[in-house]
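Asker: Next comes the sequence, and after it the predicted model I'd like to discuss.
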Amino acid sequence: MGVERDVLEVDILIVGAGPAGLACAYHLIKKAEQAGVEPPAVLVVEKGSHPGAHSLSGAVMDPRGIRQLIPDFVAQGMPYESEAGPDSMWYMSEKSHFKLPIIPPGMGNEGNYILSLNKFTGWLAEKTEAAGVEVYPGTGAFELLVEDGRTIGIQTVDMGHDKKGEPKGSFEPGTLIKANVTVLAEGVHGSLTKQARSKLSIFENSTAQAYLTGVKEVWEIPEGRLAEGEIIHTFGAPLPSHLYGGGFIYKMSGKMLSIGFAVGLNSPDPTNDPHRWFQRFKTHPSVRKILDGGEMLHYGAKTIPEGGYYAMPRLYDHNLLMIGDSAGFLNSLRLKGIHLAIESGIMAAETILEAAQKGAYGAETLSAMQTRFEKSPAKDELHKIRNYHQGFEGGLLSGMINYGFQFITGGRGLSDRKAVEPDYAHVKKFGDYFAGGKKPLPPMKFDGKLIFDKLTDVYKSNTKHEEDQPSHLVIADYDICNNRCTEEYGNPCQYFCPAQVYEMIENEDGSGTHLQLTPSNCVHCKTCDIADPYQIITWVVPEDGGGPNYENC
Ligand SMILES: Cc1cc2nc3c(=O)[nH]c(=O)nc-3n(C[C@H](O)[C@H](O)[C@H](O)COP(=O)(O)OP(=O)(O)OC[C@H]3O[C@@H](n4cnc5c(N)ncnc54)[C@H](O)[C@@H]3O)c2cc1C
């Protein structure tokens with residue numbers, strides 16, 4: 001017998017209280033008030049224990065988006081660490097660095113703000129709630145409900161199963177939340193967005209999304225090491241030239257520093273380990289000099305959607321809109337998505353208000369979202385770098401040459417809309433990648449001062465999950481993990497996960513190894529769901545509002 005579920009009906013349902021979802025909710029109310037019309041009933045559901053708990057970014061924010069949303073954002077108390085200060089780009093050799101004499105076009109940060117996204121999100125959530133929006137934290141959206149080709153809402157996650165999936169005494173079935181419009185603002189690689197890929201046709205004309213995993217720490221460093229608001233981006237070492245990625249160092253307020261490293265998941269190396277690349281980055285003499293004598297305070301990791309304009313879905317469907325990282329609104333050249341997330345939220349809000357006036361929420365009406373986007377500064381920005389990430393498929397040097405051509409041809413470059421394989425398809429089999437005497441890197445020695453193992457870092461992310469619940473990392477076939485993947489790829493999951501969720505453990509009878517999961521470590525970065533070469537890992541929302549509780553991230 002099916003479980004009986006409560007049904008809640010709202011006008012507008014937004015999944016995800018990040019910059020995109022909150023901007024949409026806030027603008028809906030404010031714009032309706034300005035127009036003198038009855039504001040719609042808006043509900044935002046958020047899987048984190050509070051808005052901002054799962055927000056992690058660099059972050060240097062371009063104020064273009066927030067200025068549209070809340071023109072006097074500074075007077076209204078937007079929390080920020082510093083205005084952008086001196087800005088530089090370093091090419092890293094193994095032992096030294098070369099500061100580029102100029103910042104490449106389009107990458108400057110003048111007028112931008114350094115902020116902690118989780119503080120920013122908390123502030124925007126307060127303003128959104130004060131405007132009259134209901135925000136439900138600790139409420140994971142589990143399933144996108146589609147009936148006869150129309151999105152009718154979501155089902156929230158059931159609460160109160162034990163590890164084996166049996167209902168406990170505290171069992172509460174998830175609620176069906178039905179809405180005229182459901183807005184997916186889940187951030188990168190959302191679990192409902194993934195369902196939308198198969199349930200709807202919104203991605204049918206998109207190229208494969210491409211991702212990086214970004215790993216960061218917040219440090220307290222001795223005074224005087226960097227100027228207030230100083231911004232440094234790096235490329236080159238420790239990455240080999242065929243791997244896409246680089247580092248960022250942002251001076252926050254007081255003695256705090258945000259430092260991170262992002263690396264492409266399209267690596268051929270089955271032992272590609274974003275956490276390790278970051279730890280190696282910190283041992284570079286030029287970086288070590290900044291951190292020496294400091295203390296690591298916080299940790300976090302998250303994927304970044306870098307595929308650009310051609311990887312974006314159609315932004316609308318019947319009763320559905322897509323915004324923010326869920327829809328790939330991210331500028332890969334600038335590593336910036338916050339302003340685009342906010343702008344996309346504003347566009348969605350205006351589209352919804354028009355639809356409400358007509359009382360029609362089908363694709364014909366909501367297609368106004370696409371028209372708005374195509375005429376917007378966000379489109380101009382994303383279109384100019386539409387081939388940027390793909391230009392680096394052949395490595396750093398060809399990527400830079402490609403970018404040169406793209407710059408002078410308004411983004412076209414040598415080949416437009418290059419078809420790319422999904423990231424997981426780039427991973428080579430262990431024996432092929434490590435042929436001819438090439439060897440995996442030896443285990444790293446962590447000193448607990450400058451470089452940290454994954455468990456120490458996870459501890460610094462304040463990650464908590466109820467232990468007695470089903471794994472929210474669903475493995476379709478353990479036999480593949482324990483046998484085929486071990487033989488073919490050497491179990492990449494034990495490397496790519498930046499939170500040590502996946503470990504290969506010796507079998508008691510000495511017959512080999514088996515996969516052991518520790519889902520309670522999971523920082524919700526989504527790397528596993530993206531990078532697994534067999535695509536048998538599905539990340540679903542956990543039951544308890546668990547996950548990281550980021551601070552200053
Ligand atoms: C390491 C790193 C560095 C970055 N640096 C910068 C930078 O310097 N400047 C910049 O502008 N951008 C930067 N970005 C990108 C920027 O953070 C994102 O583009 C931006 O946060 C996107 O906003 P969003 O609202 O779309 O998604 P998010 O900020 O990810 O918010 C999505 C929210 O939805 C919630 N959610 C997800 N799924 C569900 C579900 N099923 N049910 C309920 N809730 C759900 C999440 O918990 C989250 O709170 C960086 C990203 C990373 C990872």
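Answerer: Done, it's in.
Asker: Longest helix in the chain, please.
Answerer: The longest helix of the chain (DSSP state H) is helix 338-358.
Asker: That helix - contacts with which helices or strands?
Answerer: Judged by 3 or more CB pairs under 8 Å, 6 or more residues apart in numbering; DSSP states H and E, helix 338-358 is in contact with helix 19-35, helix 64-69, strand 176-184, strand 320-322, helix 363-366, helix 368-374, helix 377-384. Every C-beta, even on glycine, is put in place using the N, C-alpha and C of the backbone.
Asker: how close does Met89 sit to Ile231?
Answerer: Counting by CB to CB, to the nearest Å, the gap from Met89 to Ile231 is 9 Å.
Asker: who's more crowded, these two?
Answerer: Neighbours per residue (other CB atoms under 10 Å) separate Met89 from Ile231, with Ile231 holding more: 25 against 20.
Asker: Which strands and helices lie in contact with the helix or strand harbouring Glu129?
Answerer: Assigned by DSSP states H and E, Glu129 belongs to helix 117-130. Helix 117-130 sits against helix 19-35, strand 134-136, with contacts defined as 3+ CB pairs under 8 Å, 6+ apart.
Asker: what's the spacing between it and its chain's center?
Answerer: Between the centre of helix 117-130 and the centre of its host chain there is 18 Å, according to CA atoms, centre = their mean, to the nearest Å.
Asker: in that helix, what's buried?
Answerer: Going by neighbour count (16 or more other CB atoms under 10 Å), the buried part of helix 117-130 is Leu117, Asn118, Lys119, Phe120, Thr121, Gly122, Trp123, Leu124, Ala125, Lys127, Thr128, Glu129.
Asker: is it true that the last one touches Val135?
Answerer: Yes. Counting by CB atoms under 8 Å, Glu129 touches Val135, with 5.4 Å between them.
Asker: Keep only the buried residues of helix 117-130 that also lie close to the ligand.
Answerer: Counting by CB under 6 Å from any ligand atom, Leu117 from those sit close to the ligand.
Asker: Okay, and the beta partners of Ile114?
Answerer: Beta bridges link Ile114 to Val60, Ser82, judged by DSSP bridges.
Asker: In the stretch 201-350 of the chain, what residue spans correspond to strands?
Answerer: In the stretch 201-350 of the chain, the segments counted as strands under DSSP state E, counting those that start in this stretch are 211-220, 231-236, 245-251, 256-264, 295-305, 316-317, 320-322.
Asker: looking at those strands, which is closest to Leu200?
Answerer: Distance to Leu200, taken as CB to CB, is lowest for strand 316-317 among these, at 5.2 Å.
Asker: what's next to that closest one, contact-wise?
Answerer: 151, 196, 200-202, 322, 351, 363, 366-370 (CB atoms under 8 Å, 6 or more residues apart in numbering).
Asker: which of those has the most neighbours?
Answerer: With neighbours defined as other CB under 10 Å, the most crowded of the contacts of strand 316-317 is Met322; it has 29 neighbours.
Asker: Thr193 is in contact with that residue, correct?
Answerer: Yes. Using CB under 8 Å, Met322 makes contact with Thr193 at a distance of 7.3 Å.
Asker: Quick check: neighbours shared by these two?
Answerer: With CB under 8 Å, 6+ apart as the test, Met322 and Thr193 both reach Leu184.
Asker: any idea how far Gln370 is from the residue of the stretch 1-150 of the chain found nearest the ligand?
Answerer: Nearest to the ligand in the stretch 1-150 of the chain, going by CB to the nearest ligand atom, is Gly18, at a distance of 2.0 Å. Relative to Gln370, Gly18 is positioned 22 Å away (CB to CB).
Asker: what do you get for Leu340?
Answerer: Taking CB to CB, one finds Leu340 at 15 Å from Gln370.
Asker: For the residue of the stretch 451-553 of the chain found nearest the ligand, give me the pLDDT.
Answerer: Residue nearest to the ligand within the stretch 451-553 of the chain: Val541 (4.9 Å; CB to the nearest ligand atom). Model confidence at Val541, given as pLDDT, is 97.
Asker: Tell me which residues touch the closest residue to it other than its chain neighbours, please.
Answerer: Of all residues not flanking Val541 in the chain, Gly140 sits nearest, at 3.0 Å (CB to CB, 6 or more residues apart in numbering). Contact analysis of Gly140 by CB under 8 Å, 6+ apart lists Val45, Lys47, Thr156, Val157, Val541, Pro542, Glu543, Gly545.
Asker: burial of Gly395, as a residue count?
Answerer: For Gly395, the count of nearby residues is 13 (other CB under 10 Å).
Asker: Now do stretch 145-153: everything it contacts.
Answerer: The contact list for stretch 145-153, computed with CB under 8 Å, 6+ apart, reads 13, 144, 154-155, 176-179, 182, 199-200, 317-320, 362.
Asker: mind redoing it with 6 Å?
Answerer: With contacts defined as CB atoms under 6 Å, 6 or more residues apart in numbering, stretch 145-153 is touched by Leu13, Ile154, Ile177, Lys178, Ala179, Thr182, Lys199, His318, Asn319, Leu320.
Asker: cool, and stretch 385-393?
Answerer: Residues outside stretch 385-393 that contact it (CB under 6 Å, 6+ apart) are 210, 244, 306, 308-310, 332-333, 399, 402-403, 406, 411, 413, 418, 420.
Asker: re the thing from before, most neighbours among the contacts of Gly140, please name it.
Answerer: Lys47 (29 neighbours).
Asker: Now do the SS call for it.
Answerer: coil (DSSP: H, G, I helix; E, B strand; the rest coil).
Asker: Output the below-cut-off pLDDT ranges for this protein.
Answerer: Along the chain, segments meeting pLDDT under 70 span 1.
Asker: make it 90
Answerer: Under the criterion pLDDT under 90, the flagged ranges of the chain are 1-3, 104-106, 169-170, 394, 415, 418-420, 544-545.
Asker: Turn the strands of the stretch 201-350 of the chain into CSV, including distance to His54.
Answerer: CSV is the format used below for those (distance: least, CB to CB, whole Å):
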stretch, distance to His54
strand 211-220, 14
strand 231-236, 25
strand 245-251, 20
strand 256-264, 16
strand 295-305, 9
strand 316-317, 26
strand 320-322, 19
